[in-house]
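Chemist: Following is a predicted model, sequence given first.
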Amino acid sequence: MPVYRSERLFQFLNALFFVVVGFLMLAPMLHVLAVSLSSTEFVDAGQVYLWPKGLTFFIYEHIFGQKTLWRALGVSVYITVLGTLIYLAFTSTLAYALSRPYMPKRALIMKGIVITFIFSVPLIPHFLIVHYLGMTNTLWALMIPGAIGAFGVILMKTFFQGISSEIFDAGYIDGCSEFGIFLRIAAPLSLPSFATMGLFHAVGQWNAYFGALIFIRSKELFPIQIVLRGMIVNENSPDFKLLTDMHITPETLKSGIVIFATLPIIIVYPFLQKYFVKGAQLGSLKE
């Protein structure tokens, strides 16, 4: 079929629009990166925009030498990896059970899950539950309360229901138990949904700081976002003063810390992008 001029114009404008939107979304990160790699005199003069001037890695040499940041980074990696695994284990098993037509009361359970979209748990009851379970000032308080997500249950349930029932019947004939069916058939065929929900939860777990602010008291258990917030908001913190005493401007220091805290989760995304795109297309029309 011939491509009409109006259609080519639309495709060009559509591509141009998304290029502009992509640039606008990427520009703040490029600016922060440029500031962190620029010499202090150019930063103080306000001459740094999207490209570093007076390229230097001085700020990163000192940031990488801060034990507080490395310990907080290790805590964030721990709660992100383990918390995501716990989330996927609990959410996927519940979603699989709800996807089976012979599960009793599954409609009632689904209504209860949907209600959580409308009514969230208030802060005080949430805190009391975590406290009475003995998880206060432990990393479990940052992982267990979010072990099941309503959105994840609904998405993964839909994915499981899209798998042909004949495959499950073949598994039953071969003598697989219900858990064996889930582990050997349903889960491998649903990797896109696992990757999608795992990435969503991992990013949320990495960026979350309110839970740690409420439940964590020991500085040794602070995740990177709490330390980052403390160093950026509170310029009187010992860690901030230690670096500013080395003639590092606050803007350069803050930019370097932001890149330090953001880079790990950015590195993970390309490895899950293929599965993430498949999972994001869930519910689209298929031929």
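Modeler: Looks like it arrived, so ask away.
Chemist: So which residue is smack in the middle of the chain?
Modeler: What sits nearest the mean C-alpha location of the chain, by C-alpha atoms, centre = their mean, is Val203, with 0.8 Å.
Chemist: Go ahead and confirm that residue touches Ile265.
Modeler: Yes: if you go by C-beta atoms under 8 Å, Val203 and Ile265 touch, sitting 6.0 Å apart. From N, CA and C alone the C-beta is placed, and that goes for glycine too.
Chemist: Any figure for the gap between the closest residue to Phe222 other than its chain neighbours and Glu41?
Modeler: Closest residue in space to Phe222, ignoring its immediate chain neighbours: Ala72 at 5.5 Å, by C-beta to C-beta, 6 or more residues apart in numbering. Per C-beta to C-beta, to the nearest Å, Ala72 is found 30 Å from Glu41.
Chemist: check which helix or strand covers the residue nearest to the centre of the chain.
Modeler: helix 191-207 (DSSP states H and E).
Chemist: elements contacting that helix?
Modeler: helix 67-99, helix 150-161, helix 224-233, helix 250-280 (3 or more C-beta pairs under 8 Å, 6 or more residues apart in numbering; DSSP states H and E).
Chemist: Adding mean neighbour count, distance to Arg217 and mean pLDDT, write the ones you listed out as a markdown table.
Modeler: A markdown table is the format used below for the helices and strands packed on helix 191-207 (neighbours: other C-beta atoms under 10 Å; distance: least, C-beta to C-beta, whole Å; pLDDT from 0 to 100):
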| stretch | mean neighbour count | distance to Arg217 | mean pLDDT |
| --- | --- | --- | --- |
| helix 67-99 | 19 | 14 | 89 |
| helix 150-161 | 20 | 30 | 85 |
| helix 224-233 | 20 | 11 | 77 |
| helix 250-280 | 17 | 21 | 73 |
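Chemist: who wins for proximity to Trp51 among these?
Modeler: With C-beta to C-beta, the closest approach to Trp51 among the helices and strands packed on helix 191-207 belongs to helix 250-280: 13.8 Å.
Chemist: before we move on, the earlier item: adding distance to Phe57, write the helices and strands packed on helix 191-207 out as TSV.
Modeler: Converted to TSV, the helices and strands packed on helix 191-207 look like this (distance: least, C-beta to C-beta, whole Å):
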stretch	distance to Phe57
helix 67-99	16
helix 150-161	40
helix 224-233	19
helix 250-280	10
